[in-house]
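**Q** Model the following, please.
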Amino acid sequence: MFFQKAAFSDTMIFNIAHLKSLENIFSSPINFDYWNHSGSQINLFSPWLTILSGFIFLNTNISYGFATYLTLITFLTFVSAYYYMKRFSKDTFESLLVSVIYTFSLNRFFQVFLEQRIENYLVMIFLPMVYYGLFCFLKNKDWHLLTWGMLLVIWTSPYMAIAVLLTIILAIPLMIFSKTTHHWKYWGQLILNGLLLLGMTFLTTIGFIGPLFLKQWQTKFRQAGIKNPNFVTMYQNLNLSLMKQYLLLGILILLVLLLLLIFLKSNFSYKIILIEMIPLILSLFYRLKIPGIEVSRLYPALLGILDLFLTIIVSRIIIMIFQETSSVWKLLLVIAFVSGLSLLVFEQAQQLNFKKTLSTSENVNYEKFVLDYHDHASQIQPKFLANGKKTKVTFYTKKSDYWIQYYNPKSVQLDLPIQRYDGYRVHLNNESVKVTTSKRQTLQLRTHPGKNIIEIHSRYNLISILLLLINLVGFIGLGYLSLKKFVWKTKKSSYNG
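**A** Residues are numbered from 1 along each chain as shown. Predicted coordinates for the structure are as follows:
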């Protein structure tokens with residue numbers, strides 16, 4: 001269905017080009033074979049660690065490979081939601097409901113079929129992990145799981161990481177209303193765990209956020225905003241009659257009363273989820289302003305979190321209604337949900353009628369595709385300038401290397417259509433040469449009279465290498481501490497057993 005109905009837009013082309021350009025990511029953030037050979041620095045601004053798994057699926061057939069990758073993401077989303085909800089609620093029926101509704105939600109349908117930014121639906125795998133980790137963290141049981149969840153979210157979608165952080169900040173002061181926290185030992189242990197959480201999260205993400213902030217500080221570049229649905233305008237455009245408005249108001253009042261009942265009947269964890277939903281819902285109607293952050297890009301992340309919380313609450317309502325029902329009827333109810341939601345997704349997909357779908361993906365030249373991603377790659381064009389005038393050269397690229405052959409009987413200032421980056425090593429006729437930055441923020445150098453062979457080799461700069469090494473040490477350290485915790489818990493369980 002995805003293969004036949006999903007739009008094959010510039011966003012989808014970007015996804016595939018981005019995945020293919022990660023071929024040399026461990027040696028350089030620059031791949032000259034892609035982004036129209038512009039030296040786009042997208043991998044300094046866009047996290048690549050988690051989406052790197054998609055590269056192996058595109059080595060043969062792009063369309064079937066990407067569809068297979070999406071199927072794997074869908075399966076892992078279902079498994080993640082079920083596994084962490086089961087650990088949270090200890091109820092198999094509730095866990096199945098959450099995993100089914102979450103995987104087949106309209107928000108996820110929108111992300112996969114329409115919005116199509118791969119990180120936005122890949123990160124949905126890690127949200128259940130993050131919030132179960134937060135549950136354990138706030139109970140002072142464990143900080144490792146939340147750390148793993150946060151680093152995976154940061155390495156997938158920085159805007160989702162910001163949105164998750166906002167919900168965590170709200171959840172911590174709400175703990176004062178829990179009886180188990182009315183002791184200084186609880187807050188002392190929570191502060192200690194929080195410091196460990198912050199420290200390990202920083203160490204395990206510094207390889208991405210470090211170069212990102214350094215580059216952002218140098219360029220002062222700000223992403224353009226994106227258009228989000230305006231729910232107030234959508235409601236006004238419905239032009240409902242007075243009777244229908246009263247009916248809608250009545251439904252909303254009943255819904256609020258039902259949520260209030262859930263609030264009173266559920267344990268403290270569900271109450272926090274309900275309270276967290278309030279600012280998330282309000283954020284859909286009131287446009288926030290956060291200095292230095294393009295808030296319009298934060299809304300899909302807030303909507304994704306709201307989608308998970310709403311799924312949990314809806315499942316809780318169903319559990320309360322059918323709590324006295326036999327296991328057979330509960331199983332039939334789960335089957336009905338799977339069938340109904342599958343049918344809903346199918347019908348929504350059938351309404352899509354795009355001229356270009358994934359079946360046309362083999363006809364696209366992904367190496368030529370380029371866009372501005374915190375840079376000006378699309379504005380450069382493959383245009384070589386000699387003393388400010390367009391000139392012809394012969395060039396060849398291979399991953400992180402770029403070779404140029406140019407002949408001119410005179411020495412000229414040659415402007416290359418390659419964005420400036422500190423990690424370049426440039427040679428002219430086998431000798432190191434000084435390069436400067438042109439007005440269009442590209443490399444330029446002074447040629448020799450006659451034949452010129454220019455070699456450009458891209459590697460991570462020294463700061464990036466150091467930060468990646470620190471990141472690797474952080475991964476090893478967190479892995480060791482997590483394994484040590486797991487072994488200790490296993491031994492404790494065996495002793496108690």
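
**Q** List the contacts of the spatially most central residue of the chain.
**A** When CA atoms, centre = their mean is applied to the chain, the residue found nearest the centroid is S157 (2.5 Å). By CB atoms under 8 Å, 6 or more residues apart in numbering, the contact set of S157 is 47, 119-120, 122-123, 301. Every residue, glycine included, has its C-beta placed from N, CA and C.

**Q** so which of those residues is the most crowded?
**A** The residue in the contacts of S157 with the most neighbours, by other CB atoms under 10 Å, is V123 (28 neighbours).

**Q** before we move on, the earlier item: need the worst-confidence member of the contacts of S157.
**A** In this model, the minimum pLDDT among the contacts of S157 belongs to P47 (85).

**Q** for the helix or strand hosting I454, packing partners?
**A** Following DSSP states H and E, the helix or strand that holds I454 is strand 450-458. Using 3 or more CB pairs under 8 Å, 6 or more residues apart in numbering; DSSP states H and E, the elements in contact with strand 450-458 are strand 401-408, strand 413-419, strand 424-428.

**Q** residues of it that come out buried?
**A** By neighbour count on 16 or more other CB atoms under 10 Å, the buried set for strand 450-458 is 452, 454, 456-458.

**Q** possible to save the helices and strands packed on strand 450-458 as TSV with mean pLDDT, mean neighbour count and distance to F32?
**A** Output for the helices and strands packed on strand 450-458, formatted as TSV (pLDDT from 0 to 100; neighbours: other CB atoms under 10 Å; distance: least, CB to CB, whole Å):
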stretch	mean pLDDT	mean neighbour count	distance to F32
strand 401-408	93	18	5
strand 413-419	91	23	8
strand 424-428	92	17	11
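
**Q** roughly how far apart are the residue lying closest to M124 once chain neighbours are set aside and Y121?
**A** Distances taken as CB to CB, 6 or more residues apart in numbering place T77 nearest to M124, at 5.3 Å, with adjacent residues excluded. Going from T77 to Y121 by CB to CB, to the nearest Å gives 8 Å.

**Q** intersection of neighbour lists for the two?
**A** Common neighbours of T77 and Y121, counting by CB under 8 Å, 6+ apart, are R108.

**Q** who's in contact with the strand holding I454?
**A** 28-30, 32, 39, 400-409, 414, 416, 418, 421, 423-430, 443, 445.

**Q** Ok, stretch 174-183 next?
**A** For stretch 174-183, using CB under 8 Å, 6+ apart, the contacting residues are 138-139, 186-187, 190, 268, 272, 275.

**Q** So among the residues you listed, where is pLDDT lowest?
**A** Per-residue pLDDT puts F268 lowest of the contacts of stretch 174-183, at 88.

**Q** residues contacting that one?
**A** 177-178.

**Q** can we see that at 10 Å?
**A** Contact analysis of F268 by CB atoms under 10 Å, 6 or more residues apart in numbering lists 138, 174-175, 177-181.

**Q** okay, now I62: neighbour count?
**A** Neighbour count of I62, defined by other CB under 10 Å: 18.

**Q** Kindly report the same for A81.
**A** So A81, with other CB under 10 Å, has 27 neighbours.

**Q** Next up, the contacts around it.
**A** Listed by CB under 10 Å, 6+ apart, the contact set of A81 reads 95-103, 124-125, 127-129, 308, 311-312.

**Q** Look up how far Y366 lies from the residue nearest to M124.
**A** 26 Å.

**Q** Domain ranges for the chain, per the record?
**A** Per automatic domain parsing, the structural domains of the chain span 2-364, 385-460.

**Q** Would you mind giving those domains as JSON lines with distance to F475 added?
**A** Shown next, in JSON lines, are the domains of the chain (distance: least, CB to CB, whole Å):
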{"stretch": "domain 2-364", "distance to F475": "6"}
{"stretch": "domain 385-460", "distance to F475": "17"}
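
**Q** Can you flag the weakest of those domains by average pLDDT?
**A** If you rank these by mean pLDDT, domain 2-364 sits at the bottom with a mean of 83.

**Q** Give me the number of neighbouring residues for I253.
**A** I253 has 10 nearby residues by other CB under 10 Å.

**Q** typo on my end, it should be H183
**A** By other CB under 10 Å, 10 other residues sit near H183.

**Q** Any figure for the gap between the closest residue to P409 other than its chain neighbours and S411?
**A** Sequence neighbours aside, P449 is the residue nearest to P409 in space, at 5.8 Å (criterion: CB to CB, 6+ apart). Distance, P449 to S411, by CB to CB: 5 Å.

**Q** ok, now F208?
**A** Look at F208 and S411: by CB to CB, they are 41 Å apart.

**Q** Looking at those two, which is more packed in?
**A** F208 (24 against 13).

**Q** can I assume the more buried one is in contact with I25?
**A** No: using CB atoms under 10 Å as the test, F208 is too far from I25 to be in contact (11.4 Å).

**Q** Can you work out which residues contact both of those two?
**A** Counting by CB under 10 Å, 6+ apart, the residues touching both F208 and I25 are 43, 48-49.

**Q** any chance of those in JSON lines, with secondary structure too?
**A** Compiled in JSON lines, the shared contacts of F208 and I25 are given as follows (DSSP: H, G, I helix; E, B strand; the rest coil):
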{"residue": "N43", "secondary structure": "helix"}
{"residue": "W48", "secondary structure": "coil"}
{"residue": "L49", "secondary structure": "coil"}
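
**Q** of the residues you listed, closest to A163?
**A** L49 (19.3 Å; CB to CB).

**Q** doesn't G207 make contact with the closest one?
**A** Yes: applying CB under 10 Å, one finds L49 in contact with G207, separated by 8.3 Å.

**Q** Mutual contacts of those two, please.
**A** With contacts defined as CB under 10 Å, 6+ apart, the residues shared by L49 and G207 are 155, 471, 475.

**Q** separation between the second one and W143?
**A** Just to be clear, that refers to N471. Separation of N471 from W143 (CB to CB): 19 Å.

**Q** Over to F346?
**A** As judged by CB to CB, F346 and W143 stand 42 Å apart.

**Q** cool, Y402 as well?
**A** Taking CB to CB as the measure, Y402 falls 45 Å from W143.

**Q** hmm, back to that, relative to L467, which of the domains of the chain is closest?
**A** domain 2-364 (4.0 Å).

**Q** rewinding a little: make a ChimeraX selection of whichever of the shared contacts of F208 and I25 turn out to be buried.
**A** Of the shared contacts of F208 and I25, the buried ones go into a single ChimeraX selection, burial set by 16+ other CB under 10 Å:
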select :43,48,49
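
**Q** Format the shared contacts of F208 and I25 as JSON lines; extra columns: distance to F285.
**A** Converted to JSON lines, those look like this (distance: CB to CB, whole Å):
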{"residue": "N43", "distance to F285": "36"}
{"residue": "W48", "distance to F285": "35"}
{"residue": "L49", "distance to F285": "35"}
